[in-house]
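**Q** Need coordinates for the below:
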Amino acid sequence: MGPIDIRKIPVSKRISFLYLEKGYLEVDGYAVVLRQGNRLIHVPIGAATCVMVGPGVVATHDAVRACAEEDTLLIWVGEWGVRCYSAGSPGGKAGQRILQQALMRGNPTTHLSVARKLFEVMWGGDSAPVTRSLDQLRGIEGGRVKKRYAELSSEHNVPWKGRRYDVNDFDASDTINKAISTANFTLYALSEAVILALGYTPAIGFIHSGHARSFAFDLADTVKMDTTVPLAFKVTSTVKDRDIESQTRLACRDMFRETQMPGRLVSILEQVLSP
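**A** Modelled structure (predicted):
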């Protein structure tokens, strides 16, 4: 039996993500390693879909080339993916998955099918009514979200006047809206990294459209009302206003690590885009 071509192993069977920080990513002999002082940490790029390059990492030309040759995507991120700054060459060598995504979005039947799957994940497995249009499903979700905000306000004793924010004026929002915006932004960044790592594009959404991160919004929305939004209410109930942005971002970083959020998003993405 010949050697296994790692690049032909499905994403679900590979190590999905490796996160690195603080060190020099370089080639040592025939291996890619993270050098931290006198310590060398082997980085199994052949078994990884994506290497998330965190703060304090310097990557050499040879290391970047080795990752490219193994079809392992490098993504430059903040701590544990709370920012997504740049990526290598997403979409694979021929962009097959982006083409698949575009074809599914362009076909009215598959477009609605993927949107329904996204809503069903949001709703914890509850079926999306087959007789409802996309706009009607959005309306149902809007009602569920409003109810959830009210529940979280009561649970954490945080006053709630509605979701009010200005993307161009962060400081104009009240404390809870600042926390929600910060928490959701971290989740959008991580979702974008996951989408890029699997070879898709964040620009082609199925519920959202017209934004470079439309699909990242779709993917993040499947989990945010059970993850980042409750966390924002919890942080707001315990910290001072001037600390809200940094404390929320740090709390999200810890949650992503502790709950293995990248792997969860990978599973959801593969589920909703399956034939």
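**Q** Using the three-state scheme, assign Ser89.
**A** Counting by DSSP: H, G, I helix; E, B strand; the rest coil, the backbone at Ser89 sits in coil.
**Q** How are the strands of the stretch 1-150 of the chain distributed by residue range?
**A** Counting by DSSP state E, counting those that start in this stretch, the stretch 1-150 of the chain has strands at residues 15-20, 23-28, 31-36, 39-42, 48-53, 57-59, 73-77, 84-87.
**Q** low pLDDT regions in the protein?
**A** Counting by pLDDT under 70, the ranges of the chain that qualify are 1-16, 90-94, 240-241, 275.
**Q** CA atoms of stretch 208-228 as CSV?
**A** Coordinates of each C-alpha in stretch 208-228 appear next as CSV, following Å, rounded to 0.1, in the frame of the first residue of the first chain:
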residue,chain,number,x,y,z
HIS,A,208,-27.1,37.8,4.6
SER,A,209,-25.9,39.4,1.4
GLY,A,210,-24.1,42.4,0.0
HIS,A,211,-21.2,42.4,2.5
ALA,A,212,-17.7,41.0,2.3
ARG,A,213,-18.5,39.0,5.4
SER,A,214,-22.0,37.9,4.6
PHE,A,215,-21.4,34.1,5.0
ALA,A,216,-19.4,34.8,8.2
PHE,A,217,-22.5,36.5,9.6
ASP,A,218,-24.6,33.5,8.6
LEU,A,219,-22.3,31.0,10.3
ALA,A,220,-21.8,33.1,13.4
ASP,A,221,-25.6,33.6,13.8
THR,A,222,-26.0,29.8,14.2
VAL,A,223,-24.3,30.0,17.6
LYS,A,224,-24.1,33.6,18.8
MET,A,225,-27.4,33.7,20.8
ASP,A,226,-26.1,30.8,22.9
THR,A,227,-22.5,31.9,23.1
THR,A,228,-21.3,35.4,22.6
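**Q** which residues touch it?
**A** With CB atoms under 8 Å, 6 or more residues apart in numbering as the test, stretch 208-228 has contacts from 101, 118, 121-122, 144-145, 148, 180, 183-184, 186-192, 194-195, 200-207, 252, 255, 259, 261, 264-265, 268-269, 272. C-beta coordinates here come from the backbone N, C-alpha and C atoms, glycine included.
**Q** what ranges do the helices span in this structure?
**A** With helices called from DSSP state H, the chain shows them at 61-69, 96-106, 108-122, 134-156, 175-197, 214-221, 228-236, 244-258, 261-272.
**Q** Buried ones in the third one, by neighbour count?
**A** Right, helix 108-122. By neighbour count with 16 or more other CB atoms under 10 Å, helix 108-122 contains the buried residues Thr110, Leu112, Ser113, Val114, Ala115, Arg116, Lys117, Leu118, Phe119, Glu120, Val121, Met122.
**Q** and that helix with helix 134-156, angle?
**A** 10 degrees (axes from the mean of the first three to the mean of the last three CA atoms, to 10 degrees).
**Q** Tell me which residue is most central in this protein.
**A** Ser191 (1.4 Å; CA atoms, centre = their mean).
**Q** Show the contacting residues for it.
**A** Neighbour list for Ser191: Pro202, Ala216, Phe217, Leu219, Ala220, Leu265 [criterion: CB under 8 Å, 6+ apart].
**Q** Could you identify which of the residues you listed has the most neighbours?
**A** Neighbour counts for the contacts of Ser191 (other CB atoms under 10 Å) peak at Leu219, which has 31 neighbours.
**Q** sorry, back to before: tabulate the buried residues of helix 108-122 in CSV, adding columns for distance to Tyr24.
**A** Formatted as CSV, the buried residues of helix 108-122 follow (distance: CB to CB, whole Å):
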residue, distance to Tyr24
Thr110, 45
Leu112, 48
Ser113, 46
Val114, 41
Ala115, 44
Arg116, 47
Lys117, 42
Leu118, 40
Phe119, 45
Glu120, 45
Val121, 39
Met122, 41
